[in-house]
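Visitor: Starting from these lines, generate the structure:
(one chain, ligands or ions: 2)
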Amino acid sequence: MSATTERIFSGIQPTGRKHLGNYIGAIRQYVAGQETAAAPGDAIFCIVDLHATTVDYDPAKLRERVHDTVAILLAAGLDPERCVLFRQGDVREHAELSWLLSGVTAWGDLNRMHQWKVKREQIEAGTGGFVSAGLFSYPVLMAADVLAYRANVVPVGDDQRQHIELMREVARRFNERFGPPDVLVVPEGRIPEVGARIMDLQDPFSKMSTTSGGDAGRVYVLDEPDAIRKKFRSAVTDSGREVRRGSGKEGIANLIDVLAVVGGRTPESIEAEFEGAGYGDFKMAVGDAVAEYLAPVRERYAGLREDEAELERALAAGAGAAREICAPVLADVREAMGVAEPR
Ligand code: AMP
Ligand code: TRP
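Guide: Ligands and ions are numbered 1, 2, ... in the order given. Model prediction:
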């Protein structure tokens, strides 16, 4: 990788049922990254099964969910010949680097993470249930994912902004403490201008999320076209009648963003086209466009998901390619830290 080359890395949770927010905010950018990568090793995508163990989950289902997620990524257009696609748990270096980096991660920084704060408030209110230490150190593992590959670009949605800031801080602190030379690359987030935060169709003040909100507000990548149209027809908007963005128009603004992305257009051109149109026609147009946009992905998914041996084969090849890139970085990290090489 030369100094000017982009090396992209991103991770995605194996929740299986990926939604339109994931697709627009992240997956679509992965495919774009693969297209512009100079070599397969410069577009790296990881299914983060280790992150998934920080919350309550069913071990027997985890492997299945990983397969669901790989099949969605392949159906979306990732090509194992042109990128590195692998499962986090297959590459030991991630867990190892996570521990090593925890020595240069400030406790106070982790304690300020928005997603952790929400948990902490629940714990303090006595409504948290069991909260794992892994949930607290989650961002360190995420930093390790990226830093292990010396990636410089991290395509993600808006909700990952703070995590990206933290990994930059960890890389800077590592280099300061154990360099020169700089051992780690300080990466940058790549957050799309439109579509980085797709909102719940039933609650335009909350982001579309796997863990909160109901199915009616969430469009899944694998939903049937009729189900997709129905969800958009019932999307919550406002009592006005103008198809434009603005305060008090969060629902409509969200639909404008969705249509802009799936139609490859600007939000302004959509406002212009639907000037004077009713909300009903507009919602119908968005539903149709999304149904058409996701249909080929759903169709390809079925065939890909069936062949589990092939999915495992692709993951194994991905793990080998990933390890070739990150093992030398781990050796440099250990050397700089004065930690022994394993023998
Ligand atoms: P996750 O399923 O949590 O691993 O998220 C995968 C990717 O989707 C991450 O890059 C997130 O930032 C992105 N993402 C999740 N929800 C949304 C949303 N509602 N709008 C846009 N991007 C999202
Ligand atoms: N935390 C990310 C999410 O919830 C997933 C993730 C794990 C990730 N490791 C990563 C994203 C590394 C980008 C880079 O969506």
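Visitor: Which SSE is immediately downstream of the helix or strand Asp257 falls within?
Guide: Assigned by DSSP states H and E, Asp257 falls within helix 250-263. Counting by DSSP H and E, the next helix or strand C-terminal to helix 250-263 is helix 267-273.
Visitor: hang on, the earlier thing: what lies in contact with the helix holding Asp257?
Guide: 20, 24, 28, 192, 194-195, 198-199, 201, 204-205, 232, 235-238, 240, 242-246, 265-267, 269-271, 279, 282-283, 285-286, 289-290, 293 (CB atoms under 8 Å, 6 or more residues apart in numbering). (C-beta placed from N, C-alpha, C; glycine too.)
Visitor: Is it in proximity to ligand 1?
Guide: No: applying CB under 6 Å from any ligand atom, one finds helix 250-263 separated from ligand 1 by no less than 9.5 Å.
Visitor: Kindly format the C-alpha coordinates of that helix as CSV.
Guide: Provided in CSV are the C-alpha atoms of helix 250-263 (Å, rounded to 0.1, in the frame of the first residue of the first chain):
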residue,chain,number,x,y,z
GLU,A,250,-38.5,14.9,9.8
GLY,A,251,-40.6,12.0,8.4
ILE,A,252,-40.8,13.6,4.9
ALA,A,253,-37.1,14.5,5.0
ASN,A,254,-36.2,10.9,5.8
LEU,A,255,-38.3,9.7,2.8
ILE,A,256,-36.6,12.3,0.6
ASP,A,257,-33.2,11.1,1.6
VAL,A,258,-34.2,7.5,1.0
LEU,A,259,-35.5,8.3,-2.5
ALA,A,260,-32.4,10.4,-3.2
VAL,A,261,-30.1,7.5,-2.5
VAL,A,262,-32.0,4.7,-4.2
GLY,A,263,-32.7,6.9,-7.2
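Visitor: among the contacts of helix 250-263, which ones are buried?
Guide: Buried residues within the contacts of helix 250-263, defined by neighbour count using 16 or more other CB atoms under 10 Å: 20, 24, 28, 192, 195, 198-199, 201, 204, 232, 235-237, 243-245, 267, 270-271, 279, 282-283, 285-286, 289-290, 293.
Visitor: and those residues near ligand 1, which?
Guide: Ile24, Ile198.
Visitor: Report the contact partners of Val243.
Guide: Counted by CB under 8 Å, 6+ apart, Val243 has contacts Ile252, Ile256, Ile270, Glu271, Phe274, Glu275, Ala277, Tyr279, Phe282.
Visitor: how close does the third one sit to ligand 1?
Guide: Ile270 sits 18 Å away from ligand 1 when distances are taken as CB to the nearest ligand atom, to the nearest Å.
Visitor: Please list all residues in contact with that residue.
Guide: Val243, Ile256, Leu259, Ala260, Gly263 are the contacts of Ile270 under CB under 8 Å, 6+ apart.
Visitor: can you list the domains in the chain?
Guide: Domain assignment for the chain by automatic domain parsing gives 8-190+308-337, 199-303.
Visitor: how about JSON lines for the ones you listed, with distance to Arg343 and mean pLDDT added?
Guide: Below are the domains of the chain laid out as JSON lines (distance: least, CB to CB, whole Å; pLDDT from 0 to 100):
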{"stretch": "domain 8-190+308-337", "distance to Arg343": "12", "mean pLDDT": "96"}
{"stretch": "domain 199-303", "distance to Arg343": "42", "mean pLDDT": "96"}
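Visitor: Need those domains in JSON lines (columns: distance to ligand 2).
Guide: Listed next are these as JSON lines, based on distance: least, CB to the nearest ligand atom, whole Å:
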{"stretch": "domain 8-190+308-337", "distance to ligand 2": "3"}
{"stretch": "domain 199-303", "distance to ligand 2": "9"}
